[in-house]
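Everything below, folded, please.
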Amino acid sequence: MDCEIEIRCLFVAAGHQFVGRHGKEPLTYVMEARETIECVAGKGIMGDRFFDYKPNYKGQLTFFSEEVYLKLKRQLSVEMKSSAVFRRNVLVSGIDLNPLIGKRFGLGEVEFEGVEEASPCYWMDRAFGEGAAAALRGQGGLRVRILSDGKLSRGVQRLCVFDV
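Predicted structure coming up:
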């Protein structure tokens, strides 16, 4: 399968805002927008909180669908929230992400392995709006392992799925 998709936003954060914060207030690490991110095979995104997090980590990078984000904004009547509140690294448009689970694929100059849905947690209600966690079930994004070094940049990119 070959198609063109658009990388709309790229984000990194220096630290965890919600991880390990159950029963506590979230921290205030901002998702920084970037034009380009550097992906390192087996480790993650340079400068991101999950870089070299643990061996073979299944969420070295996360994708999120702009279409899902826009639908959720309408559904919950939320206007002023950025897609950054979902704490996903790459906002894409033009593809359903779930079929990439269990597949190897290339995007731009980087190769990935789709591992699992980036399941929404209860923090989504606080970060985006009441009902967000429930509304995102089954469409929370895609967690991937990075299989090759390279850079991802905003803009239209060719996506090629190797495992069909």
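
Direction included, what does the lengthiest strand in the chain pair against?
In the chain, taking DSSP state E as the definition, the longest strand is strand 2-12. Neighbouring strands of strand 2-12 in its sheet, by DSSP bridges, are strand 32-34 (antiparallel), strand 90-93 (antiparallel), strand 155-161 (antiparallel).

Against residue 37, how distant is residue 69?
For residue 69, the distance to residue 37 (CB to CB, to the nearest Å) stands at 19 Å. The way it works is simple: take the backbone N, C-alpha and C, and place the C-beta from them, glycine included.

Check the secondary structure at residue 133 for me.
helix (DSSP: H, G, I helix; E, B strand; the rest coil).

leaving aside the residues next to it on the chain, what's closest to it?
Nearest non-adjacent residue to residue 133, counting by CB to CB, 6 or more residues apart in numbering: residue 124, 4.2 Å away.

would that neighbour count as being in a helix?
Yes. Counting by three-state DSSP, residue 124 is found in a helix.

wait, what's in contact with it?
Going by CB atoms under 8 Å, 6 or more residues apart in numbering, residue 124 touches 86, 132, 133, 136.

for the residues you listed, which one is nearest residue 4?
residue 86 (23.4 Å; CB to CB).

And the strands paired with strand 2-12: which comes nearest residue 103?
The closest of these to residue 103 is strand 155-161. By CB to CB, the value is 5.3 Å.

May I see the buried residues of the closest one?
157, 159, 161 (16 or more other CB atoms under 10 Å).

what does stretch 102-109 give?
103, 104, 105, 106, 107, 108.

Can you tell me which of these end up in strands?
When DSSP E defines the strands, the subset of the buried residues of stretch 102-109 inside them is 104, 105, 106, 107.

so the second one bridges to which residues?
Read that as residue 105. When bridges are called by DSSP bridges, residue 105 pairs up with residue 112, residue 161.
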